[in-house]
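A.B. asks: what's the 3D shape of this:
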Amino acid sequence: MTIADLSAIAGRTYPARRLTQNLVGGASPIQATNFSLGNVTLEANGGQVPWHNQQQEEIYFIVEGTGEMCLGEERTTVTSGQAVYIPPTVFHQLTNIGDTPLRMIYCYGPAGDVAHWRQELDGTLPRAGVEAPPLPDGAQSQCTKKPETL
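C.D. replies: Here you go, the predicted model:
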């Protein structure tokens with residue numbers, strides 16, 4: 001039996017002020033072909049999964065906190081207990097708009113790495129309204145800052 005223990009997974013911190021811990025796929029002891037699953041913690045007041053897209057379909061399930069979810073041309077507030085479906089290739093972004101950390105679970109399929117993780121670390125994310133479609137009106141800005149060190 002293979003078990004991934006969230007309390008034992010260090011995860012990776014990203015420039016947009018989030019911690020991602022792979023539960024299935026990535027560095028996790030659990031590997032699957034049809035999906036990847038992970039826990040993400042967005043820091044209070046602006047932690048973010050920046051504007052990006054990918055080939056896989058995906059679900060974000062908000063475990064705790066309040067966020068601004070942008071999906072294509074739509075923007076809405078999401079809170080604990082809600083799940084958002086993200087179709088393949090549609091640009092999306094989640095920003096913590098609360099004063100406490102936002103925690104969410106992602107699940108996408110098929111399994112495999114998604115380019116935006118490396119792009120964010122390298123400072124090469126497609127910029128909203130330049131190399132990528134613009135964010136919805138009134139949305140929080142996309143974090144595209146390349147880190148000094150991680």
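A.B. asks: mind listing the helices for this structure?
C.D. replies: Secondary structure of the chain by DSSP state H: the helices cover 115-122.
A.B. asks: In it, what residue spans correspond to strands?
C.D. replies: For the chain, the strands defined by DSSP state E cover 12-14, 18-24, 36-42, 48-52, 57-64, 66-71, 74-79, 83-86, 92-96, 102-109.
A.B. asks: any chance of those strands in TSV, plus mean pLDDT and mean neighbour count?
C.D. replies: (Each C-beta comes from the backbone N, C-alpha and C, glycine too.) As requested, those are arranged in TSV below (pLDDT from 0 to 100; neighbours: other C-beta atoms under 10 Å):
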stretch	mean pLDDT	mean neighbour count
strand 12-14	94	17
strand 18-24	97	20
strand 36-42	98	21
strand 48-52	97	24
strand 57-64	98	17
strand 66-71	98	21
strand 74-79	98	14
strand 83-86	98	15
strand 92-96	98	25
strand 102-109	98	20
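A.B. asks: Which one of those lies nearest to Pro134?
C.D. replies: Closest approach to Pro134 among the strands of the chain is made by strand 48-52 (9.1 Å; C-beta to C-beta).
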